[in-house]
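Asks: Curious how this folds, go ahead:
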Amino acid sequence: MTRTITAGSTISGGNLVSSGKFRAGAGTKIRRTSRNMILAVSAIVLAVFVLVGLSAYAASIQHANNELIQENEYLQAEIDSLRSQIIEETKITKVEEIAKEEYGMVYQTSENCIVINESEEESSNLAASIRNEAYN
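Replies: Have a look, this model is predicted:
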């Protein structure tokens with residue numbers, strides 16, 4: 001009969017007696033290594049999925065940002081166009097043209113002006129001249 005003695009075991013009276021301590025065998029080490037390997041691979045796969053998801057989210061945000069930039073450029077071009085139209089329409093020559101054509105206005109000359117003569121004392125006091133006009 002062959003007996004194997006392991007560390008922590010003793011022989012007492014010709015019989016093998018265990019010291020009560022449990023020593024992990026080779027099978028337990030393989031299972032532990034396998035479990036650690038599965039956890040590591042799972043962590044790597046999870047990290048890859050997170051990175052892919054974040055990259056997709058960043059791409060969608062960049063796309064939306066590019067659309068907003070294009071819309072802003074279009075609106076800025078429209079604003080510039082409207083500003084140039086405002087400048088063109090408010091030039092003095094354009095205003096004079098509209099005043100002459102649509103409202104019949106003309107430049108003043110001695111023939112189309114009426115001069116109102118007032119006495120000097122009434123013209124110096126505006127309030128008195130308004131009062132005289134109102135009550136007379």
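Asks: mind checking how far residue 73 is from residue 43?
Replies: Separation of residue 73 from residue 43 (C-beta to C-beta, to the nearest Å): 45 Å. The C-beta positions use only the backbone N, C-alpha and C, and glycine is treated the same way.
Asks: tell me the SS of residue 110?
Replies: Secondary structure, DSSP: H, G, I helix; E, B strand; the rest coil: residue 110 is coil.
Asks: what's the spacing between it and residue 104?
Replies: From residue 110 over to residue 104 (counting by C-beta to C-beta), the distance is 19 Å.
Asks: Over to residue 79?
Replies: 35 Å.
Asks: avg pLDDT for the one helix or strand residue 49 maps to?
Replies: With secondary structure defined by DSSP states H and E, residue 49 is part of helix 26-89. Averaging pLDDT along helix 26-89 yields 93.
Asks: Can you name every helix or strand that that helix contacts?
Replies: Helices and strands touching helix 26-89, by 3 or more C-beta pairs under 8 Å, 6 or more residues apart in numbering; DSSP states H and E: there are none.
Asks: That'll do, ta.
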